[in-house]
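Enquirer: structure, please.
(chains A and B)
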Amino acid sequence: MNRWTTALAVTAASALLLTGCGRTDGPAGPDASKGAIDSEPATGDITIWAMGNEGEVLKELATQFEDANPDASVTVTAVPWESAHDRIATSIAGGETPDISMLGTTWVGEFAATGALEPTPEGLVDEGDFFEGSWGTAVVDDVAYGVPWYVDTRVLYYRTDMAEAAGVEAPETWDEYTAFAKALKDEGATSGVSLPPGGFDSWQYVAPLAWQAGGDILSEDGTEFTFDTPEWKEAFEFYKSFFDDGVAEPVRLEGGEIEQKFIDGSVGSFFSGPFHVGLLLEQGGPDFADKFAVAEVPGDKSRTSFTGGGNLAVFNDSENRDAAWKFVRWLSEPETQIEWYGISTDLPSTEAAYDDATFSEDPYLSVFADQLTDSKAPPAIATWAQVSAVIDQELEKVTRGETSVDDALASIQQQAESIGTGQ
Amino acid sequence: MTAVTTRAARRPPPSRASRKQTRIAWGFAAPFMVLFLVFMAGPIVASLAMSFTDLTTRDLRTPFNVNLVGLDNYVRLFQDERFVHSLLNTGVFVIVGVPVTIVLAMLVALALNTGINKFRTVFRVGYYAPVVTSIVAIAIVWKFILQPDGLLNGFLGVFGISGPNWLEDTTWALPSLILMAVWRNIGTLMVIFLAGLQGVPKEHHEAAMVDGANVVQRFFNVTLPAMRPTLLFAAVITGIGFLQFFEEPFVMTRGGPLDATLSSAMYTFNQFGFGNYSYASAASYVLFLAIVLLSLIQFRLLKKED
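Expert: Model prediction:
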């Protein structure tokens, strides 16, 4: 009964709530960093939580850190993605946090608001070494919490053989994109491009369109939502057009289905992160490598893509914070990240790493490297999960013809305003 | 009455041996009592308290900073279209799911209780297997069955019917999930009903047969009345199960399409995920009250008449 674990932990901390005295001094403000980190070798025990594949293979990399810092030892705990959010929330409520945790980029705002994360110490890393969009995922109200560890960005996967037969090339603009998807459909694909018709995480497909049109999620000063703008309207209408024209089947393909349909040609193109390269090469067999390619996402005013990934954050209650930050610093060095790519196939968050032949000479990875220079993450606000769920829901109403674009956007704006940014 | 009182009055004070026995009994019960108080009763009470506050993720480290907001969360819940919608969906799960499950499970139990003695074990295992199988494994198999070009539509195709995309269709998604949940729950009830059926005294059936009652008459006049307590139990646990409907939509549809399969338990779960702990607690208390209410109604309807 995983779903109640958070409830259990929260309640443990709140058992005395009835006598609570009320929020007097506002939400917990950011605790200041506890000073710079020196360059002496790390010592002592470091505990780190990592999710998914990262949790499985991080120990391999950590061993190298231990070799270089003989007095330090790293304990990696693998946490399944499904329960990770609850578990971190639980550990914060119970004051039992590890030293470091990997965080999904969209969680940073929420957990930073609890005051449990320590701001990145001055001079630990150089902000300029990281992709701008990626660094942004760690920043809440102008304060950085932790550092980006690896990145994930969306590119367009498409069938080169079908595109060639149809006489089209990878699209660079929205117009070309529409024509491209239609051409692939004419070549026999059921979906020229596979897009989710709404529902869970479909905001990740439509938000980049708004960015490409020159819009954004929050106003410049970060205080107001801007869903009721012409840019979002363009984005929603463009997204909807694929379903209206029958170029995209209104079917949600989960992992496992999409590869199969791409390989058998019923899906002509789709958007995904770097992990699909390996999956397709593996499942498509040796001949399939020549039949697909990746390209930067098509665009309007810009070709901005969505970026996500994993950040590393150190908790305020860490008992070995110096060593923890040293480990984080080491993990974010370009050389370590190149090594890490070999172990985990996670893309480096530092630009310098892409100068390495592993990335610059690879036909797939070099595209990701280019795309990363124009990628954006949603704002690190505490309520993002909730706001984005509203986008998912309203987008689905639009693609299924239940509501108009104007009404959907007005509803998103109104609901987002009532949810607030959590400040 | 007097007899009872006098007997109680005459009862000697508990001997040392029996007091020792009592202590031993408490000793055995203690670990459970402690676990129950810490992990069940505590959170249940705290969660109720939480539902009257504005606790969210931001207050995790500083729970004393929250405000008491009285019934605000409950008022908000009933103004929240999605929550009300989820309650209606849950109502449909219960109203359709519970009777269908009970009737089908009863038919299966009757069949297994009478004929085909040889294969009884095989059938029992067959019907019980879904109950013990992991829901995730089941969900994957059912997704294949319910796909547009899946097994079910292939089967319908034989008769010239072209079936819908079951899980992506707002009309069919909910019935599809109910179908699956019913199939999964039959096993549990079947076992309970089998036990109940075997508890019906043979003599009653024989007496009815002598009076010339046929199979159907005997079922309604002998078996069913004798099974009343069993039926009550079955109705209550199935009702609670369907009110807490969660895994099927969570794994198969995430509540979609367009919230057609969003259940109250799933909605509550989502709110916990957003860090709205106080709001989610209020939602779980609404569900809790619904369960109490439904159980009371069932007791009223099915209670054995003395």
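Enquirer: just the pLDDT for residue A:340.
Expert: Looking at residue A:340, its pLDDT reads 92.
Enquirer: give me every residue that touches the residue lying closest to it once chain neighbours are set aside.
Expert: Distances taken as C-beta to C-beta, 6 or more residues apart in numbering or on different chains put residue A:61 closest to residue A:340, at 5.7 Å, once the chain neighbours are dropped. C-beta: built from backbone N, CA, C; applies to glycine. Residues in contact with residue A:61 (C-beta atoms under 8 Å, 6 or more residues apart in numbering or on different chains) are A:331, A:336, A:339, A:340, A:343.
Enquirer: can you mark which positions in the helix or strand that contains residue B:242 are buried?
Expert: Element membership of residue B:242, judged by DSSP states H and E, is helix B:228-243. For helix B:228-243, a neighbour-count test (16 or more other C-beta atoms under 10 Å in any protein chain shown) marks B:230-243 as buried.
Enquirer: now the helix or strand that it is followed by: mean pLDDT?
Expert: Moving toward the C-terminus from helix B:228-243, the next helix or strand (DSSP H and E) is helix B:247-252. Confidence for helix B:247-252, expressed as mean pLDDT, is 86.
Enquirer: list the helices and strands helix B:247-252 packs on?
Expert: If contacts are counted by 3 or more C-beta pairs under 8 Å, 6 or more residues apart in numbering or on different chains; DSSP states H and E, helix B:247-252 sits against helix B:135-146, helix B:173-198, helix B:264-273.
Enquirer: quick check: angle from the last one to helix B:228-243?
Expert: When you say that, I think you mean helix B:264-273. Angular relation of helix B:264-273 and helix B:228-243 on a 0 to 180 degree scale: 40 degrees, by axes from the mean of the first three to the mean of the last three C-alpha atoms, to 10 degrees.
Enquirer: helices or strands up against helix B:264-273?
Expert: Here helix B:264-273 touches helix A:81-94, helix B:81-113, helix B:247-252, helix B:277-302, going by 3+ C-beta pairs under 8 Å, 6+ apart.
Enquirer: what lies in contact with that helix?
Expert: Contacts with helix B:264-273, where a contact means C-beta under 8 Å, 6+ apart, come from A:3, A:6-7, A:85-86, A:385, A:389, B:82-83, B:86-87, B:89-90, B:243-246, B:249-250, B:255, B:279-280, B:283-284, B:286-287, B:290.
Enquirer: mark which of those residues are buried, thanks.
Expert: Buried among those by 16+ other C-beta under 10 Å: A:3, A:6-7, A:85-86, A:385, A:389, B:82-83, B:86-87, B:89-90, B:243-246, B:249-250, B:255, B:279-280, B:283-284, B:286-287, B:290.
Enquirer: shaky segments in the stretch 251-400 of chain A?
Expert: Residues of the stretch 251-400 of chain A meeting the criterion pLDDT under 70: none.
Enquirer: ok, now which ones touch the residue lying closest to residue A:71 once chain neighbours are set aside?
Expert: Leaving aside its sequence neighbours, residue A:71 sits nearest to residue A:43 (C-beta to C-beta, 6+ apart; 4.1 Å). Each residue near residue A:43 by C-beta under 8 Å, 6+ apart is listed here: A:69, A:71, A:72, A:323.
Enquirer: okay, now residue A:259: neighbour count?
Expert: 20 (other C-beta atoms under 10 Å in any protein chain shown).
Enquirer: over to residue B:144?
Expert: Applying other C-beta under 10 Å, we find 12 residues neighbouring residue B:144.
Enquirer: need the contact list for it.
Expert: Counted by C-beta under 8 Å, 6+ apart, residue B:144 has contacts B:150, B:151.
Enquirer: ditto for residue A:373
Expert: A:131, A:351 are the contacts of residue A:373 under C-beta under 8 Å, 6+ apart.
Enquirer: how near is it to residue A:232?
Expert: 24 Å (C-beta to C-beta, to the nearest Å).
Enquirer: close to chain A: what parts of the stretch 101-250 of chain B are there?
Expert: The stretch 101-250 of chain B has residues B:148, B:165, B:168, B:170, B:246 near chain A, with proximity defined as C-beta under 8 Å from any C-beta of the partner chain.
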